[in-house]
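Asks: Quick one: sequence plus predicted model below, questions after.
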Amino acid sequence: MQTDHEVIRRPDAAELELPRHSQPAGSAADGGHRLLYTPAAAAERLTVSESWLRRKAGQRLIPCTFVGKHLRFTEDDLRAIVAAGHRGPSNRDQTSRPGHRRRTRR
């Protein structure tokens, strides 16, 4: 039998939300995007194939989130994937390399 101080109360819906500081920027709380993306939704946002995304996540080569056994991606994960794939311009002259001469036909 429960006494008054042992009453189990159900959490209110507002109590189940993550604190504002722990939500990704642009999350559903501020009218932006979802909190978590499925692999299919994340692949669509990144315009890559879902199989590529799942393979890289399975190899732990890209940031991802597991909720139990379910693979999910946050906005921050998606931004990190894009940033990791960024390649700046090359400083090398592609036509010739110093110290190498072109071969000429004889």
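Replies: Sure, I can see it.
Asks: Which residue ranges of the chain form helices?
Replies: Secondary structure of the chain by DSSP state H: the helices cover 13-16, 39-46, 50-58, 75-85.
Asks: Low-confidence ranges, this structure, go.
Replies: Applying pLDDT under 70 to the chain picks out residues 1-33, 92-102, 106.
Asks: how about a cut-off of 80?
Replies: Within the chain, the ranges that satisfy pLDDT under 80 run 1-34, 91-106.
Asks: Out of the helices of the chain, which one sits most buried?
Replies: Compared across those, helix 39-46 shows the largest average neighbour count, a mean of 17 (mean count of other CB atoms under 10 Å). Bear in mind the C-beta positions are built from the backbone N, C-alpha and C, glycine included.
Asks: Identify the residues contacting it?
Replies: 34, 37, 49-50, 52-54, 57, 71-73, 77-78, 81-82 (CB atoms under 8 Å, 6 or more residues apart in numbering).
Asks: which one among those gets closest to residue 104?
Replies: Closest to residue 104 out of the contacts of helix 39-46 is residue 52 (43.1 Å), distances taken as CB to CB.
Asks: so who does that closest one touch?
Replies: For residue 52, the residues meeting the contact criterion (CB under 8 Å, 6+ apart) are residue 43.
Asks: closest to residue 65 out of the helices of the chain?
Replies: With CB to CB as the criterion, residue 65 lies closest to helix 75-85 of the helices of the chain, at 6.5 Å.
Asks: The closest one packs against which elements?
Replies: Helices and strands touching helix 75-85, as assessed by 3 or more CB pairs under 8 Å, 6 or more residues apart in numbering; DSSP states H and E, comprise helix 39-46.
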